[in-house]
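Colleague: Kindly return the folded structure for what I paste below:
(chains A and B, ligands or ions: 2)
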Amino acid sequence: MLKYIVRRLILTVPILLGLSILVFLFVRALPGGPAIALLGERATQESVEQIEEELGLDRPLPVQYLSYLRNILSGDLGSSVSTRRPIVDELKQRFPATFELAAMAMLFAVAAGIPLGYVAAKRYQGVLDNVSLVASLIGISFPVFFLALLMKYVFAVKLGWLPTVGRIDVTRSLEHPTGFYLLDAIIAGDGEAFVDVLEHLIMPAIALGTIPLAIVARITRAAVLDVLGEDYVRTAKAKGLDPSVVDRRHVLRNAMLPVVTVIGLQTGLLLTGAVLTETVFSFPGLGSWILNAIRFRDYAVIQGGILFFAGMFIVVNLLVDISYAFLNPRIRYR
Amino acid sequence: MSTLPDSLPDGARELPSMPARLQVEDLHVEFSTRRGPVPVLSGVSLDLRPRERVALVGESGSGKSVTALAIMGLLSRNGWVSGGSVTYAGHDLTLLPEKEYRKVRGREIALIFQDPTGSLDPLRTVGSQVAEAIVTATGHRKSDLRDQVVQALHQMQIPDPERRAGQYPHELSGGMNQRVMIAIALAGGPGILIADEPTTALDATTAAGIMDLLGTLAHDRDMSVLLITHDLGVVADFAERVELMYAGRIVERGPVNDIFYRPRHPYTIGLLGSVPDVSGQRVVKAIRGSIPSLTALPTGCVFHPRCDRMQERHTCREQAPDLALISGSDQRVACHFSDEADREHAAGPRQELAEPETSRSADTDPATHPLVEVDDISVVFHLKQGLFRSGGQVTAVDRVSFDIERGETLALVGESGSGKSTTARVVLGLQAPTSGRVVFDGVDLTTGDKRFPKGVRRRVQAVFQDPTSSLDPRMLVLDIVTEPLVVHDLGSPAERRQRAEEMLDLVGLHPEHLERKPAEFSGGQRQRIAIARALIVEPDLIVCDEPVTALDVSVQAQVLLMFERIKAHRNVSLLFIAHDLAVVRQIADRVAVIYLGEIVESGPADEVFTRPRHPYTRALLSAIPVADPRRGRDRDRIILEGSTPSALAPPSGCRFHTRCWKAEDICHTDPPALAPHGPALAACHFPEEGPVHMATPGGGSR
Ligand code: SF4
Ligand code: SF4
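Modeller: Numbers count the residues shown, from 1 in each chain, chains lettered A, B, ... in the order given. Ligands and ions are numbered 1, 2, ... in the order given. From the prediction side, this is the model:
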């Protein structure tokens, strides 16, 4: 198992390298190159040349790439053009926000999706199964931002049950040693703050988690149905096992294999969904940051953001593969 | 293992007032389909007495497996018992609440299945699955559970049980997994074991060991066994009583000797005639037609459309026969005219003896070269394992040579992993050999950049095991069969159609079948279509890779007979790949036996079958269950130990030495060369001399 993890880790190195090359070339391929990107389209020839020299853009590409790589490795992703803040600082601040949001969304999707899918499979072609089919179709096809707006309108504006914007009530003072507010509240031992942060998270997390929820539920249902027809389930029943034990020990665990893969993929897609959700709820995470950067053509931020997002995607997939191997002995020994 | 027999409420296991342990009476089972409920079992009755071994025999779709599942209360969700009863220990199981039923499963009646590897949870170690069965059956977890598990595996003759217990099903061979399944089934000390095709998925030598183990266990543990199988050879070896099923009914029942030597139902007679005969002395005959669909069962006697005895009598078409006792015997037959069986027997013996073979050796002209010369080919696969290290190599085919003469049929026989299919792929040009040459009619196919010239392509055709996946389901049979003509640009459309009609006739189909699609045909018919397609370009060689393996016995016989007819009518050579020696007996002119990539014996079919020199060939032959109780039980049985070693690390010296009972020191170090012995070649330091003990067909003493 350890060998497998090490091998997988080693394999991610070339992937990350390839990714950095792509992002590097992407910015070089922009019309006018990074200088124009930095200065805007009406920049004079002189200032362009000056900037290019300043940034070392007159050097050959491989040399540029190496210094770029060196910067990344030393944790320097440049600075935002519009705010002049170092991108790394911004990432440090915003990543925890998006992470908390994504984690809550996925938690919601998994915690509700797996039981729903399981129940639907057990009531195959029953009323519940059909209801859940329709519900998940709606869930999958519902635009995220529309759902977010709707929820905001109903629960925040009309009913006033939940806060509308941000991660925490602005009047509350909470130290953020980690940046993960839920964690910070626990560290501070501040129960009220914890609840407050949670209340701010609920709606964005549900809005963001709805599509993954629907997909997880459908995949779980299909996987459970598949496994229920397997010979080893028949064997388990022939042993005289209690059906709930059969399900717990044999059905669910086997059915989780495809579900885990899907959870991994969905987590990747969640990052895209976060852009919209965060904007609607003015949630100060990576999504709203990147959206702003795109609006202001802040290429340095876009570049850093893409690199970070893609890196996260790879890490998530690595985790998924490892947990898959953990669940499935047939992979472990390969 | 048997930790709870006294705590059971039954006590009825051996009461004289209740002679049967299990009694199935007039059982009806229906399945729901889109077209409404379909009767799968229509009044099945059977008894299982203490310590009795009963075989429930039938082909696919006969309902034999459904009977097993119905007894266990494990019908899938779209099936239900619609009538009749299953009585065990005084209780009708079909009326038992699910919770009570669970106490019967595993503790009273246990079940093992055909596909042992698929029947085990892939995510759990085999040990934990055995442990689970022990805990469920005994109701409590003892502190020495681990020892109990190891002990159970040991009793199933699993070598190194401590280590095996910690392994997953995919790390064990099929035979090993079946032993694990048996350990699971017997954990609760059941009085009845239902074995549903327990050896069908296994190699012959492995299967023989499993049946042997089942026999010993049944005897030692006082179990009744209901063996469900399509394999009459296994039945003859194992069972005391036989129940024959056809289309959801029992059509004949009786003691095993009566069934084999005095069968009375036309279906039983036909089925016995369909079984390939290793002794090669009985002519195989086939039953015409195919198994009816359960949605459109024939009226009256369900067998009537295929029955030779019926002779258009109305009774057969209008009235379903009862399973009636034949007076003066223990035999029951569901046929209105079962008394005619004796007359049929008298008129002509079921097992006609074959004409002395004259056409066995192909007419070869010594002046010309053989059609195919396979010269010293090897195929080495390099295993990739991760990015940075190579995973070693496998020599799938190791210096194999053989010739095929014009019009000759060579059977290449080996168990799974022997390299037989890889060899077939080399001959077909689908796999390049690592070394060696394949020469087809003087043309070297393995050198030069264009390895397979188009002219040769046409002259070599292939038929594969699975007819379903090799026929495009969207194409009409006409287009499928004429496709090779189109590819090779032969004939006009009208001529192609005419050729296609001729081919269908040759393989026993009708011209009107040309306008249908593959889905409308049964497995055997699809294989005929595939053969018609291969034949249409008049090839010189057809490579058949396990062409009858996926087919039912009676269908298998039909297809084999068709191959014989083709051989008789066309001067075509066949390379016939099979894992089953019995199947090739009738059609092979020469046989080559392959083990772990090497040919260990080859020679004229009669020679190899009657006096095999190599111990492995002997073992393979003896492992074939003979569909004849007396002959089968009398014959010399050789049960090989262990399973085929991995081709990744083949044994040193003679590759067979790990399983050979004659192995001596030299066998561990020196690989034997393929040397002539009489008309055959064998690779063994201590070849066998005498003929194998193979009694005359029909049990001799009939
Ligand atoms: S009842 Fe008639 S059709 Fe049926 S097996 Fe007997 S003779 Fe044949
Ligand atoms: S060479 Fe030795 S081990 Fe090999 S088959 Fe012959 S006797 Fe057995």
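Colleague: would B:D403 count as being in a strand?
Modeller: Yes. Looking at B:D403 with DSSP: H, G, I helix; E, B strand; the rest coil, it is inside a strand.
Colleague: what domains does the record give for chain A?
Modeller: Domains of chain A are assigned by automatic domain parsing as A:2-73, A:88-144+A:209-327.
Colleague: just so I know, which of those domains lies nearest ligand 1?
Modeller: Nearest to ligand 1 among the domains of chain A is domain A:88-144+A:209-327 (34.2 Å), distances taken as C-beta to the nearest ligand atom. All C-beta spots, glycine's among them, are computed from the backbone N, C-alpha and C.
Colleague: is that closest one up against chain B anywhere?
Modeller: Yes. Against chain B, domain A:88-144+A:209-327 shows contacts by C-beta under 8 Å from any C-beta of the partner chain at A:124, A:229-232, A:234-242, A:249-250, A:253-254, A:327.
Colleague: Mark which of the residues you listed are buried, thanks.
Modeller: Buried members of the residues of domain A:88-144+A:209-327 next to chain B, counted by 16 or more other C-beta atoms under 10 Å in any protein chain shown: A:230-232, A:234-241, A:249-250, A:253-254, A:327.
Colleague: May I ask which helix or strand of the chain has the lowest mean pLDDT?
Modeller: Looking at chain A here, since you left the chain open. Lowest on mean pLDDT, DSSP states H and E among the helices and strands of chain A sits helix A:33-39, with a mean of 63.
Colleague: I was after chain B.
Modeller: Lowest by mean pLDDT, DSSP H and E among the helices and strands of chain B is helix B:340-347, with a mean of 68.
Colleague: Buried by neighbour count: which residues of stretch B:226-235 qualify?
Modeller: B:226-235.
Colleague: now do stretch B:546-561
Modeller: B:546-548, B:550-561.
Colleague: now, which of those residues sits nearest chain A?
Modeller: B:A550 (18.7 Å; C-beta to the nearest C-beta).
Colleague: show me where the stretch 101-250 of chain A has strands.
Modeller: Counting by DSSP state E, counting those that start in this stretch, the stretch 101-250 of chain A has no strands to list.
Colleague: In contact with whichever residue of it sits closest to ligand 2, which residues?
Modeller: Ligand 2 sits closest to A:D231 of the stretch 101-250 of chain A, with a gap of 36.4 Å, by C-beta to the nearest ligand atom. Going by C-beta atoms under 8 Å, 6 or more residues apart in numbering or on different chains, A:D231 touches B:113, B:115, B:118-119.
Colleague: can you pull the contacts of the nearest residue to A:A135 once chain neighbours are set aside?
Modeller: Nearest residue to A:A135, sequence neighbours excluded (C-beta to C-beta, 6 or more residues apart in numbering or on different chains): A:A214, at 7.4 Å. Neighbour list for A:A214: A:113, A:135-140 [criterion: C-beta under 8 Å, 6+ apart].
Colleague: Return the closest of those residues with respect to B:S643.
Modeller: Distance to B:S643, by C-beta to C-beta, is smallest for A:G113 among these, at 43.3 Å.
Colleague: Tell me the spacing between the closest one and B:P547.
Modeller: 47 Å (C-beta to C-beta, to the nearest Å).
Colleague: before we move on, what about B:S573?
Modeller: As judged by C-beta to C-beta, B:S573 and B:P547 stand 15 Å apart.
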